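> Coordinates for the following, if possible.
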Amino acid sequence: MRDVPRGGSNEAVAARIGRRERSEEFSHESKIRNLYAKRLEFERPLERFVKKEVTYRDSAIRADMRTVDCNGLLREWEFKIHADYQALGQILIYVAHARQELGFRPVQGVIAAFSFLPELRRTVDLMNFNIELLMLPSWMRAAGCVPPDSKPVRLVSIPNIKF
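Model prediction:
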């Protein structure tokens with residue numbers, strides 16, 4: 001008979017912890033987004049707030065925020081504490097949905113974060129994705145209760161082993 005920890009299997013417990021951590025991170029990101037939306041006219045004077053939690057037809061996904069600049073360029077926003085591969089995938093999907101729903105008018109993606117995975121910056125530059133990577137000012141960490149010394153998770157470097 002297999003030992004099952006109190007509260008369910010190891011996988012179930014890990015899934016619950018993962019959901020709780022994602023929920024807490026979403027809460028932090030939402031607070032930071034809300035502050036940025038309130039301060040948009042100061043942070044980006046030529047841009048106006050359109051909507052938070054932008055939804056798309058036939059999809060359950062939501063962009064964090066939509067803005068429009070003085071030239072009519074729409075921007076779909078994704079806020080992150082630390083932007084990585086997931087942020088890139090999210091913003092590409094949001095921009096594609098927005099462009100399709102809005103008759104293929106120009107839409108730019110913005111990933112706003114306190115730090116960025118170096119590979120993310122390089123990929124956006126090399127692939128010419130028309131995505132803006134916006135470094136959030138460190139004082140905004142307080143809005144999301146993010147400690148000033150929070151560091152991105154370091155990925156393990158796997159050595160090249162020759163057999």
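> alpha carbons only for contacts and neighbour counts from here, please
Fine.
> Am I right that Phe129 is in a helix?
No: using DSSP: H, G, I helix; E, B strand; the rest coil, the secondary structure at Phe129 is coil, not a helix.
> Scan the helices and strands of the chain for the one with the lowest mean pLDDT.
Lowest by mean pLDDT, DSSP states H and E among the helices and strands of the chain is helix 10-38, with a mean of 68.
> contact partners of the helix or strand following it?
Per DSSP states H and E, the first helix or strand lying C-terminal to helix 10-38 is helix 40-43. Residues from elsewhere that reach helix 40-43 (C-alpha atoms under 8 Å, 6 or more residues apart in numbering): 36, 47-49.
> can you list the residues that contact stretch 45-55?
Contacts for stretch 45-55 (C-alpha under 8 Å, 6+ apart): 37, 40-41, 61-70.
> Return a PyMOL selection command for the buried portion of those.
Remark: buried members of these, expressed as a PyMOL selection using 16 or more other C-alpha atoms under 10 Å:
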select buried, resi 37+40+62+63+64+65+66+67+68
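> Narrow the contacts of stretch 45-55 to those in strands?
The strands, defined by DSSP state E, take in 62-69 from the contacts of stretch 45-55.
> now, which of those sits nearest Phe114?
Using C-alpha to C-alpha, Asp64 comes nearest to Phe114 of these, at 15.8 Å.
> from what I can see Val110 touches Glu76, true?
Yes: counting by C-alpha atoms under 8 Å, Val110 does reach Glu76; the two are 6.1 Å apart.
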